[in-house]
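Asks: I need the structure of the sequence given here:
(2 chains)
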Amino acid sequence: AQKVTQAQTEISVVEKEDVTLDCVYETRDTTYYLFWYKQPPSGELVFLIRRNSFDEQNEISGRYSWNFQKSTSSFNFTITASQVVDSAVYFCALSENSGYALNFGKGTSLLVTP
Amino acid sequence: NAGVTQTPKFQVLKTGQSMTLQCAQDMNHEYMSWYRQDPGMGLRLIHYSVGAGITDQGEVPNGYNVSRSTTEDFPLRLLSAAPSQTSVYFCASSPPWGSGKDTQYFGPGTRLTVL
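Replies: Sure, this is the predicted structure:
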């Protein structure tokens, strides 16, 4: 069963637009972690954020912000004033109280054009 | 620290050939994992290890073997390569959850093509 759903396969925006990437997860555990990773065209996986299930406080880091809502099992990622360098595939992932296994969504490909 | 290193970066095999993808980490992490990434599929877990001498299967283990004789190394073996194993392979390591640094650190990946 799909544990992490990223319904948006591809998104295209013009530079300076705001964009939100959706992530819906499914778990029966009360303790779990959620992650976002960025995969630029060069192919490496870049860690962006980790959030544990007990911390629903939203987080902002520069132009990036994350909205975690347990009531809707969502962990959405917003990029404000997007830039061409934000073009990448973004993955949301879930870890159910383990350090060795992440369940990844299928990713959202974001293209930011000038 | 070099972090997580993988070799080779690229490899082309013929069907039926065997090979080993190397993965090493210098962060003294207990946990190590192998994932494969296919277009439109995200990353899927192949095998993982929670410590030296301990390995287990993930979501897609068929056709792959692993062993963990040291904390640092976690090689992935393809016994008889098949075209379906054409993929990008990522190795990752992490400390046990609850250490305060709870995330997986990924290597740069190995792009494997099986003809």
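Asks: B:Gln11 versus the closest residue to B:Val4 other than its chain neighbours, what's the distance?
Replies: Leaving out its chain neighbours, the residue that sits closest to B:Val4 by Cβ to Cβ, 6 or more residues apart in numbering or on different chains is B:Gly107, at 3.9 Å. In short, each C-beta sits where N, CA and C put it, glycine included. For B:Gly107, the distance to B:Gln11 (Cβ to Cβ, to the nearest Å) stands at 14 Å.
Asks: pretty sure the residue nearest to B:Val4 sits against B:Val88.
Replies: No - if you go by Cβ atoms under 8 Å, B:Gly107 and B:Val88 don't touch, sitting 10.9 Å apart.
Asks: before we move on, back to that, next one: phi and psi at the residue nearest to B:Val4?
Replies: B:Gly107 has phi and psi values of phi -80, psi 180 when expressed as degrees, to the nearest 10.
Asks: which residues touch it?
Replies: Taking Cβ atoms under 8 Å, 6 or more residues apart in numbering or on different chains, we find B:Gly107 in contact with B:Gly3, B:Val4, B:Thr5, B:Gln6, B:Cys23, B:Phe90, B:Cys91, B:Ala92.
Asks: after the longest strand along chain B, which helix or strand is next?
Replies: Of all the segments assigned as strand in chain B under DSSP state E, the longest by residue count is strand B:42-51. Toward the C-terminus, strand B:42-51 is succeeded by strand B:54-57 as the next helix or strand (DSSP states H and E).
Asks: how many neighbours does residue 104 have?
Replies: You didn't say which chain, so I picked chain A. Residues lying near A:Phe104 (other Cβ atoms under 10 Å in any protein chain shown) number 22.
Asks: switch to chain B, please.
Replies: Neighbours of B:Gln104 using other Cβ under 10 Å come to 28.
Asks: flag the shaky bits of chain B, pLDDT-wise.
Replies: Confidence mapping of chain B against pLDDT under 70 gives the ranges B:98-102.
Asks: quick check: closest non-adjacent residue to the most centrally placed residue in it.
Replies: The structure's chain B has its C-alpha centroid closest to B:Trp34; by Cα atoms, centre = their mean the separation is 2.8 Å. In space, and not counting its chain neighbours, B:Trp34 is closest to B:Ile46: 4.4 Å by Cβ to Cβ, 6+ apart.
Asks: surely that neighbour meets B:Leu78?
Replies: No - using Cβ under 8 Å, B:Ile46 is not in contact with B:Leu78, being 10.4 Å away.
Asks: neighbour-wise, which of the two wins?
Replies: B:Ile46 (23 against 20).
Asks: let me see the contact set for the more buried one.
Replies: B:Ile46 makes contacts with B:Ser33, B:Trp34, B:Tyr35, B:Arg36, B:Gly58, B:Glu59, B:Val60, B:Pro61, B:Tyr64, B:Val66, B:Leu76, B:Tyr89, as judged by Cβ under 8 Å, 6+ apart.
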